[in-house]
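*Asks:* below are the sequence and a predicted model for it; my questions follow.
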Amino acid sequence: MVSSEPSGFIALPRGGYLVDTSEGYIQFGSPPETIKDTMGFEKKTPLVFVLPNKFFHVEKGISVAELEFPIYFNFFFRGGKKTFIVCSKEQKEQLTIVLGESLMGPSDLDLASEFIDGEASFGFPNIKAEMAYFRSYKTMDDVVEFVLFDDSHVAKLGGVTIEQLPSNEFLVTDGQTKTKIPGEVDYHVKFDIGKRMEEPFQPPLIGITCLGPSHGFDPNDNTSGFIIWLNGQGIMVDPPVNSTEWLRDSNVNPKLINSIILTHCHADHDAGTFQKILEESKITIYATATVMESFLRKYCSLTKIPRKEITDLFDFIPVVIGRATIINGGEFYFHYAIHSIPSVGFEFFFQDTSFYYTSDHLNDPEAFEAMYKKGVLPESRYQFLKDFPWDRKIIYHEAGVPPLHTKISYLASLPEEVQKRITVYHIASKDMPQGTHLTLAKFGIENTLYPEVTPPKHQEAYQLLEILSQIDIFSGFPIEKAKEFLQIAKEERFARGEQIIKKGTKGDRFFIIASGNVRFEGLSQDHAAVKRYGTYEYFGEASLILDTVRQADVYAETDVLAITIEKTRFFQFIRGSKLHENLVKLNSIRETNTWKTLTESQTFRGLTSYQVTQLELILKFETVKAEDILIEEGKSFDKAFIVKTGTVVVMQKHRTIRELGPGDFAGEIYPLTKKLPSTYTFVAWPGTELYVLSQEDAIQYIKKNPGVYMKLNTVYN
């Protein structure tokens, strides 16, 4: 039995609120995986969910109306029970689209363009027939019922009344008992990080890191997902929510992840993908056109962000089945798995190693035979599914409850030499049989699998060029410069605690961090904010460009591998480019204490040091001498501002809305980048110091940093 708090409701560990009523549990808000908080309760998972006023936190990239798993649980594990969703009419329209994609699958399907030979391709599926075969319900109405708030903002469930108050709170009336519930729902991270690495993780030539070995109904372990490391860069496959936070906590630099493979659009596979899009630099997503379209319909509806706005946040590369897709030097081949909605698996080849990933998939020859006889599987699709490539060196195979997943007993029945190649995921450890040769996926960076592989030719050169490509100030350099970089770059190693630069000494070389973290000490009082740099960041340029002594002591906070370029060679390397001019500007703006302003700002303090540096490169500094209208309501504008010192007043219809101080953002990012009129007037008081961000620079910056754009977009919404 759940005990009630004095407030009359239970605040769930992962977020959301639970009220025990005469109609059973009623849950307000449903952040990802909160089902793991409630499924062990006496009355099981709630059958009634109330959507909060704001059910998608854009700044966090998290939906607090993740109802797919409660719906599955109530229908499949509780004898076909419906889930009731209490919400507004507008919310029903949004959620109907979202749930339609995951419960019913896409309504329009045309896979011919996704296969190399169209419908004539070997293994081409009748995907609609497969989806219908696995569904034990005909329509969404069989599993979900919406209960709408009326014009008085009241909804009734039997003897319980739920009212939306003017304060945005909810009031639950159950007989003589009244319980007030907060109107907004937060999300609390609950993620086992495993063992934190003492030194920053150094990506291998090839490796696989498990982000979660289990499924969405297992309260004791993380939900499935993993990282493939190839050529020193990571590819996330269906990342669970909060994967970036886990990376940082595990001492893994998130910048090492440059792409995502999205296999399908169930919440345990796509929620972390959308979150990752919003978190740092722009990433590349690989998926079929069908899966991507489903993803976009789902998240455009959830967020109410226009499709064009969302697609601008990431790069999409559609995969063609039957044709190789090269990712980080690996040769990937995709296929459609057997599942209730379109779901892709893949295999890749890299040097002398091969890897196969099933995705969510029913692998059962007897089931294939039955589906073939019923006409669900065409001949070539049947043959494709039967001819599973058990000879691959590494097989990552899901397991779970049929008919949507593969029975673990089937995998345990395979020959011993095959079992030894299989790593099982998507299964709770308690359900893993004893006495087999199967390996259960093991979560944590410390349990990364490092397959034996023959290094490719030119590996050292590839790694140097990868580092060069990650440095923003060298973006756009021609191939001739890449050749020159290979000739002038040198490796230097520094042990933890070792001093790399001594303050007051003459600058003699430029540093790029290939791995590890460094710490700056001895900065002036105006620059008191602690400075730390990590992989793919650079330092030491100021004293070279300005011909001054070093301005700080720099220490290796961990073991550090640095790429260094001697001063004379550095100047030769940047000749003929605008880099010298840009670095002079960078150091000039840093003299105004941008680092402290940005890292202590309520809006910008979550930026990485890399993102701060990129922003510093495009800011200009100015002081307001007399009261000045920076941006006028109803008029388009071509600049936004960050307050360094002083005050900017925000007004609407001649009424003061708020006052901005140090670190605050003055301007609206969406109208700025779309050249639309401002909703507000921004007035700077005399003496106010500002950093100015031009329209064109803002557009280019947010293209590279979509997460910053989403943060700025919520400031005045």
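*Replies:* Now that the structure is in, tell me what you want to look at. Residues are numbered from 1 along each chain as shown.
*Asks:* who are the neighbours in contact with the nearest residue to R248 once chain neighbours are set aside?
*Replies:* The shortest distance from R248 to any non-neighbouring residue, by CB to CB, 6 or more residues apart in numbering, is to P254 (6.5 Å). In this view, the C-beta of every residue, glycine as well, is placed from N, C-alpha and C. By CB atoms under 8 Å, 6 or more residues apart in numbering, the residues touching P254 are 244, 247-248, 279-280.
*Asks:* now do P254 against P213, distance only.
*Replies:* 21 Å (CB to CB, to the nearest Å).
*Asks:* can you check A542 too?
*Replies:* Applying CB to CB, the value for A542 to P213 is 47 Å.
*Asks:* settle it for me: which of those two has more neighbours?
*Replies:* P213 (26 against 20; other CB atoms under 10 Å).
*Asks:* count of neighbours near the closest residue to T688 other than its chain neighbours?
*Replies:* With CB to CB, 6+ apart as the criterion, T688 has its nearest non-adjacent residue at 2.9 Å, and that residue is G646. When neighbours are defined as other CB under 10 Å, G646 has 17 of them.
*Asks:* got it, and P478?
*Replies:* Using other CB under 10 Å, P478 has 10 other residues around it.
*Asks:* pLDDT wise, what is it at?
*Replies:* Listed pLDDT for P478 reads 84.
*Asks:* quick one: it from E466, how far?
*Replies:* Using CB to CB, P478 is found at 17 Å from E466.
*Asks:* who are the contact partners of the residue nearest in space to the middle of the chain?
*Replies:* The centre of the chain sits closest to K276, judged by CA atoms, centre = their mean, with a distance of 1.2 Å. K276 makes contact with 61, 236, 239, 243-244, 257, 260, 283, according to CB under 8 Å, 6+ apart.
*Asks:* so which two of the residues you listed are the farthest from each other?
*Replies:* Farthest-apart pair in the contacts of K276 is G61 and I257; separation 14.9 Å (CB to CB).
*Asks:* buried set for stretch 28-41?
*Replies:* 28-39 (16 or more other CB atoms under 10 Å).
*Asks:* and which of the contacts of K276 is nearest V612?
*Replies:* Of the contacts of K276, the one sitting nearest to V612 (CB to CB) turns out to be T244, at 17.2 Å.
*Asks:* relative to Q91, which of the contacts of P254 is nearest.
*Replies:* Nearest member of the contacts of P254 to Q91, counting by CB to CB, is E279, at 25.9 Å.
*Asks:* my read: that closest one touches G61, true?
*Replies:* Yes - look at E279 against G61 with CB atoms under 8 Å: they come within range, at 6.9 Å.
*Asks:* between those two, what contacts are shared?
*Replies:* With CB under 8 Å, 6+ apart as the test, E279 and G61 both reach G707.
*Asks:* poorly predicted segments of this structure, please.
*Replies:* 1-6, 59, 189-194, 524-530, 717 (pLDDT under 70).
*Asks:* can you list the domains in it?
*Replies:* As assigned by automatic domain parsing, the chain contains the domains 10-88+149-181, 206-447, 459-589, 615-713.
*Asks:* so which of these gets nearest K138?
*Replies:* Nearest of these (CB to CB): domain 10-88+149-181, 12.6 Å.
*Asks:* helix, strand or coil for the residue nearest to I62 when sequence neighbours are not counted?
*Replies:* Leaving aside its sequence neighbours, I62 sits nearest to Y187 (CB to CB, 6+ apart; 4.9 Å). Secondary structure, DSSP: H, G, I helix; E, B strand; the rest coil: Y187 is coil.
*Asks:* can you start the count at 34 instead of 1 from here on
*Replies:* Yes, from this point I'll number from 34; that puts the last item at Y220.
*Asks:* ok, Y220 - contacts?
*Replies:* By CB under 8 Å, 6+ apart, the contact set of Y220 is 47-48, 64-65, 90, 93, 95, 97.
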